[in-house]
Structures are given as C-alpha cells and as structure tokens.
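**Q** dropping a prediction and its sequence here:
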Amino acid sequence: MQTTIAQPRAFLLDAGNTVVFLDREVVAATLRDQGHRHVSASAVAQALRPATARYAARLRDGAAHEDGWRAFMATLVREVSVPHEDVERSVDALRREHDRFNLWRHVPKHVRAALHRFRATGRPVAIVSNSEGHLDRLFARTELTDMFDVVIDSANEGVRKPDPELFRRALARLGLSAPGCLYAGDIPDVDVVGARAAGLQPILIDALDQHPSFTAAPRLPSLAHLADAIGLPPASG
C-alpha cells in the first residue's frame, strides 16, 4: 500500500543514514591500508546491518555518541573478518580518517534530488543530528550547505536525541512550532521517539530494511520516497 503524507510546514532531517551515508569504498580502502587486503566495499555493505543494530542498541542503553560510533565500527570490522587482535587498531585508523573527513560523506544522487524537491516547496529544511560538532564542515565539503536553513549538531548543543530539547531548538531557530512539521531519521528509539516527544510527525527512513515490522510511524526507504509520498514534483534538471 502506498504511503501518503501531507506536505509539512518544515522538513527536519537526521544526517547519518538519512542524508549522508557511510562511504563503503573509503572504509574498505582504509582497512586494506592496515594490511587487511581481503576487505571489499561489498563486504562493508554486508556488515552495515549488524553494525547499525549495535549502534542503535548502544544509544538505547544510554551510551554517548562516541561510544556508539566505536561500537558500530568494531562490529563492522569484525563482520568483515578482521582478526580479533587487530580490531582496535583498525577502528583507530577509521577514526583518524573520520576525523580528517567524516566517513559518512557519501550523498546518493536520489538524496540530492529529494533535497532539491524539499527546497522547491519554499518550506524550511533543517538538520537535527547526534554528531561530533563538525556537520557544517561536512556539508560544505559535500556541497550541501545551501540545502539547509538550520543545522543542529548535538555536540555543539550539549544535548542529544532522543531528548526532545534538540528538536525544539531547531524549531525555535526556524521560528516555528511543532504542529505540521515532520522529522525523518533512521533509528526508531532515537529519531521516532524523540521527534514524537517534541510534537513532530516522525518518519522512519529505513534504507537498510532493518525494521520490516515497524508500524509506529511511516517507514520509507529513502528521502526520495518521502518526497514521492508527499506528492512533490520531480527535481528540475
């Protein structure tokens, strides 16, 4: 059954796994540079589901974003058959590359097109993300800066999702109240729970088909599908 969603007053979006995605080629190349010549981008892709599940579980247990990040990477590294004794060293190498240029640097063409469709409505578009304080730099390097009216990065705010305060700050900076605004993100216990607590309409972006039985909010595979569900015209050009 096709999902239909009313056009919102504003689009609030998560960053990782909603707008920007792990660059699998870079992860594989970084691990190969550590001597693990067998690691391929396709192997990294296969490891994403268990790694993402581990990250979500750590956040659900109250872990900080950094702890969740390292749990994600440790799970991914083990899943691609890096020997146990090399896991920590490999995670450290990935962290160095992440600090140099956020590993969630891949922006699929369909995401760029969806963002243009959102912008064409004339409604505000904002980011609300648990991150490390460098999203502005990431968006500049990926040529996304002009797509967003407001960027809320938890590391700069001292509060993180699912605390509804992070969403409320985004709304305040947009000059809006919550009714009629939506939030799209990829983790049910963080994004859906937090957005709903702030009075926003939550949308689950499930790019990895990680939550097939989820029914607590509309579940869509991408922002492109969200734009379609709202009935937005295709991006021009």
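**A** Sure, I can see it.
**Q** tell me which residue lies farthest from the centre of the protein.
**A** Distance from the C-alpha centroid of the chain peaks at residue 85, with 29.9 Å (Cα atoms, centre = their mean).
**Q** how much space separates it from residue 35?
**A** Residue 85 sits 12 Å away from residue 35, going by Cβ to Cβ, to the nearest Å. Backbone N, C-alpha and C define where each C-beta goes, glycine included.
**Q** what does residue 205 give?
**A** 35 Å.
**Q** so these two - more neighbours on which side?
**A** Comparing residue 205 with residue 35 by other Cβ atoms under 10 Å, the one with more neighbours is residue 205, at 23 against 12.
**Q** low-confidence ranges in this structure?
**A** 1, 237 (pLDDT under 70).
**Q** burial of residue 137, as a residue count?
**A** 12.
**Q** contacting residues for it?
**A** By Cβ atoms under 8 Å, 6 or more residues apart in numbering, the contact set of residue 137 is residue 102.
**Q** which is the next helix or strand following the helix or strand that it is a member of?
**A** Here residue 137 is covered by helix 135-141, with elements defined by DSSP states H and E. Moving toward the C-terminus from helix 135-141, the next helix or strand (DSSP H and E) is strand 150-153.
**Q** hey, C-alpha coordinates of the following helix or strand past that following strand in CSV?
**A** For strand 150-153, the following helix or strand on the C-terminal side (DSSP H and E) is helix 154-157. Extracted C-alpha coordinates of helix 154-157, given in CSV (Å, rounded to 0.1, in the frame of the first residue of the first chain):
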residue,chain,number,x,y,z
SER,A,154,24.3,17.6,19.3
ALA,A,155,28.0,18.1,20.1
ASN,A,156,27.5,21.8,19.8
GLU,A,157,24.3,21.9,21.8
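**Q** could you list the buried residues of the helix or strand following helix 154-157?
**A** As assigned by DSSP H and E, the chain's next helix or strand after helix 154-157 is helix 164-174. Residues 164, 166, 167, 168, 169, 170, 171, 174 are the ones in helix 164-174 that count as buried (16 or more other Cβ atoms under 10 Å).
**Q** please report how far the fifth one lies from residue 127.
**A** If I follow you right, that is residue 169. For residue 169, the distance to residue 127 equals 12 Å [Cβ to Cβ].
**Q** which residues are in contact with each of the two?
**A** residue 152.
**Q** which residue ranges form the strands in this structure?
**A** For the chain, the strands defined by DSSP state E occupy 10-13, 125-129, 150-153, 181-185, 201-205, 219-220.
**Q** so what strands line up beside the fourth one?
**A** Strand 181-185 has these partner strands in its sheet, going by DSSP bridges: strand 10-13 (parallel), strand 201-205 (parallel).
**Q** please identify the most buried of those strands.
**A** strand 10-13 (a mean of 27; mean count of other Cβ atoms under 10 Å).
**Q** any chance of the buried residues of helix 164-174 in CSV, plus distance to residue 221?
**A** Formatted as CSV, the buried residues of helix 164-174 follow (distance: Cβ to Cβ, whole Å):
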residue, distance to residue 221
164, 26
166, 25
167, 23
168, 28
169, 29
170, 24
171, 26
174, 27
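**Q** tell me which two of those residues sit farthest apart.
**A** 164 and 174 (15.3 Å; Cβ to Cβ).
**Q** may I see the buried residues of the longest helix that the chain contains?
**A** Ranked by number of residues, the top helix in the chain under DSSP state H is helix 41-60. Neighbour counts over helix 41-60 (16+ other Cβ under 10 Å) mark 43, 44, 47, 48, 51, 52, 53, 54, 55, 56, 58, 59 as buried.
**Q** stretch 211-227 too?
**A** 211, 217, 218, 219, 220, 222, 223, 224, 225, 226, 227.
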